[in-house]
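Student: Need a 3D model of the sequence below.
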Amino acid sequence: MALTAIVAVPGDARAQLGALVSPGRLSRAHASLEGINSCLQCHTAGRGVSAEKCLTCHKPIAERIARKKGVHRAVTTDCVKCHVEHAGVDAELRPFDLPRFNHANDTGFPLDGLHASLANNCAACHKSRSFVTVNPSCSSCHTDAHKGTLGPRCDTCHATSIRFSESRTKFDHSRTAFPLSGAHTAVTCSACHTRGATTYKVGSTSCASCHSDPHRQQFGATCASCHVTQSWKTTKVDHSRTAFPLRGQHGSVQCASCHAKPAMQVKPRADTCATCHTDPHRGVFKQDCKSCHDETSFRKAGPGGFDHSSTRFPLVDKHAGLACAACHVKASATIASRPAPARGTPATREATARGAAPTRQPIAADFSGLRPECASCHTDVHRAELGTSCETCHTARSFQVAGFTHARVRPFFDGQHATLRCAQCHISTYGTLPGPTQPRATVATSTGRATSTPSIARVGFAKTPDACATCHADVHLGQVGTRCETCHTVATPKFAVQTFQHATTKFPLTGKHMSVGCQSCHTVATQDFPAGHGTARRLAGMGTACATCHQDPHKGELGASCERCHSTDTFTFSGKWYTHGNRQLSRTFFVGRHVTACTACHKRGPETTAARTTLAAYEISTACTSCHKDVHRGALGPRCESCHKP
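Tutor: The predicted structure is shown next:
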């Protein structure tokens, strides 16, 4: 019932009720929203003031928030944080600290120059209550004296540092496409801008738009090639702006020396040096002189020097420091030449026109006919035995042989031979060369100092023998011939015999002979050898019989063929494998009880001397009575085997 009573109250009563419910009066800007019926236009039930509803009315602000521009560039959704309502009719909804407000950062429009004084007077530009509706263009505050003919960007020509009325005298012309320099700085604006105060845009920046061309376009429209703005009367042309800059010695030449006729009428040729200069090389070089010379000094090559790599003989290493005259000697001949036509002094040109006699010009140096072979400058100490290609072994870095690889790769150049110096094998064969073939005593260098060239001894290379005896003494004194490589090798230190195949000789080593040292058989002796009398280890002429090294315990009774009973595996005799040589006896005698140990028959006899070992007798009789007693006492004769069997 109470609610019904409230709804039914008249309008004046509702206003009184709204005043009781409202926290305070709205500002004058929001006065139209006063009253209880308008609350929901800003407030949302249960959530307070809604930013979406604020931006529905304040669309320019919504646009700036979306573009992240201006004061609201960082705003999220909380409008009431800064804009507080219900504070009274005269309350300020846009509070900000004016002294700390940065107009350039927050608006994008800096207040500099003459605009700086407006920083504390916002109303001077912001005529309406809203700050976001002001147009930042110059024409929004200033009258465009040019009536739009120069476009809307006044700052292209004008700056805030000077007043518009002072632009005629303080205008910065460097901001335009035609900066003023030299005599142009003293010209009044109206001298060029003749169409009135409202139009300053000149149609052309070419010289001919203001100046008349006295050359009648003979030199094109680019006057700046010869003239500068400092003075229109040119007394000296800046030749660096032409196709032929004057450098070095050319800089001191008088204009009339080349420009025999007025420069406006005749353009001298300058494509080749020979146009003005006489060629002292008599046409040897097809390229122009500037390939080697420059204007600093015509008597020598330029700073970079002549590029010798363009020839058949590039200069590298020690050749690079040589002066030209070291190889290109000065010639004594002269050449006939006339002065270059239309060049030099007027007197010279007049003499040339009359056909004056030619002058004699010395030749600077002879650059033709030089051969690139080393022998054309250097003495061939090998006297052509190695051919003419010295670069096969030598280089220009050091004429000493740094390293050489023999063409024929074989074991001879390995091992102990690999570290040898060339001179250890290739010895001098001719001695010092005679005077006429010596190299020049001194050689000029680029530093001006002369270097001495020592005498060089000729060294033999081509016919150097490779037999061992050429360098090494034969320690065997001719016993084994000249083929040392049969036993020795360059791979072992001091050419020691590493492995010798005794099987290749007449006495192969087997059994216990294999462990015997060489010196045990090959002893050192002083005697006559094939190469003469001397001391050497005996290698040849040695006997192969056992008795050569071993003592015969049988005193020769079994002959010299010890191998019939003994072997090199063990010199001890073994009867297990011995077979008597008499086949008839083997069938009749060595049967039955006669198949017994050797010592049963071959018994040791008495010693002949105290120094000899008791030896067994091997040449014994096969008669029965030599071992057995004849019980018949010879009555039946000596042939016991006639009746008895073993």
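Student: Give me the pLDDT for the closest residue to Val316 other than its chain neighbours.
Tutor: Leaving aside its sequence neighbours, Val316 sits nearest to Ala396 (Cβ to Cβ, 6 or more residues apart in numbering; 5.3 Å). In this view, the C-beta of every residue, glycine as well, is placed from N, C-alpha and C. On the pLDDT scale, Ala396 is placed at 85.
Student: same deal with His476?
Tutor: pLDDT for His476: 91.
Student: Next: Ala469.
Tutor: In this model, Ala469 is scored at 84, pLDDT.
Student: following the strand or helix carrying it, which helix or strand comes up?
Tutor: Secondary structure assignment for Ala469, by DSSP states H and E: helix 468-471. Using DSSP H and E, the helix or strand that directly follows helix 468-471 along the chain is helix 518-521.
Student: buried residues in that following helix?
Tutor: For helix 518-521, burial by neighbour count (16 or more other Cβ atoms under 10 Å) applies to no residue.
Student: avg pLDDT for it?
Tutor: Averaged across helix 518-521, the pLDDT comes to 87.
Student: With just CA atoms, put that helix into CSV.
Tutor: Provided in CSV are the C-alpha atoms of helix 518-521 (Å, rounded to 0.1, in the frame of the first residue of the first chain):
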residue,chain,number,x,y,z
CYS,A,518,126.3,-62.1,-37.7
GLN,A,519,129.6,-61.2,-36.0
SER,A,520,130.1,-64.8,-34.8
CYS,A,521,130.8,-65.9,-38.3
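Student: Starting from the helix or strand just after it, tell me which strands it pairs with and how they run.
Tutor: Per DSSP H and E, the first helix or strand lying C-terminal to helix 518-521 is strand 524-529. Applying DSSP bridges to the sheet, strand 524-529 is found paired with strand 532-537 (antiparallel).
Student: coming back round to it: buried stuff in the helix holding Ala469?
Tutor: Neighbour-count burial for helix 468-471 flags Cys468 (criterion: 16+ other Cβ under 10 Å).
Student: thought the residue nearest to Val316 was touching Asp317?
Tutor: Yes: between Ala396 and Asp317 there is a contact under Cβ atoms under 8 Å: 4.0 Å.
Student: ok, the two, which is more surrounded?
Tutor: Set Ala396 next to Asp317 and count neighbours by other Cβ atoms under 10 Å: Ala396 wins out with 14 against 11.
Student: which residues touch the helix holding Ala469?
Tutor: 424-425, 464, 482, 484-485, 488 (Cβ atoms under 8 Å, 6 or more residues apart in numbering).
Student: And those residues, which of them are buried?
Tutor: 484, 488.
Student: Now the contacts of helix 468-471 in TSV, please, with extra columns for distance to Thr625 and pLDDT.
Tutor: Below are these laid out as TSV (distance: Cβ to Cβ, whole Å; pLDDT from 0 to 100):
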residue	distance to Thr625	pLDDT
Gln424	81	81
Cys425	80	82
Thr464	82	79
Thr482	65	86
Cys484	65	86
Glu485	66	83
His488	64	87
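Student: Tabulate the contacts of helix 468-471 (a markdown table), appending distance to Thr392.
Tutor: What follows is the contacts of helix 468-471, written out as a markdown table (distance: Cβ to Cβ, whole Å):
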| residue | distance to Thr392 |
| --- | --- |
| Gln424 | 21 |
| Cys425 | 18 |
| Thr464 | 16 |
| Thr482 | 31 |
| Cys484 | 30 |
| Glu485 | 28 |
| His488 | 31 |
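Student: Looking at the contacts of helix 468-471, which one is closest to Lys603?
Tutor: The shortest approach to Lys603 among the contacts of helix 468-471 belongs to His488, at 53.0 Å (Cβ to Cβ).
Student: Ala145 belongs to a helix, doesn't it?
Tutor: No: read with DSSP: H, G, I helix; E, B strand; the rest coil, Ala145 is coil and lies in no helix.
Student: Pretty sure it sits against His158.
Tutor: No: using Cβ under 8 Å as the test, Ala145 is too far from His158 to be in contact (10.3 Å).
Student: Mind listing the shared neighbours of those two?
Tutor: Contact criterion Cβ under 8 Å, 6+ apart; residues shared by Ala145 and His158: Phe164.
Student: Can I get the helix holding Ala469 in PDB, CA atoms only?
Tutor: Provided in PDB are the C-alpha atoms of helix 468-471 (Å, rounded to 0.1, in the frame of the first residue of the first chain):
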ATOM      1  CA  CYS A 468     125.400 -45.400 -53.000                       C
ATOM      2  CA  ALA A 469     129.100 -45.300 -53.500                       C
ATOM      3  CA  THR A 470     128.800 -41.800 -55.000                       C
ATOM      4  CA  CYS A 471     128.200 -40.400 -51.500                       C
END
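Student: Tell me where the stretch 201-350 of the chain has helices.
Tutor: Ranges of helices within the stretch 201-350 of the chain are 255-258, 324-327, 346-353, based on DSSP state H, counting those that start in this stretch.
Student: Could you pull up the contacting residues of Thr272?
Tutor: Thr272 touches 288-289, counting by Cβ under 8 Å, 6+ apart.
Student: What score does it have for pLDDT?
Tutor: pLDDT, Thr272: 83.
Student: how near is it to Cys292?
Tutor: 14 Å (Cβ to Cβ, to the nearest Å).
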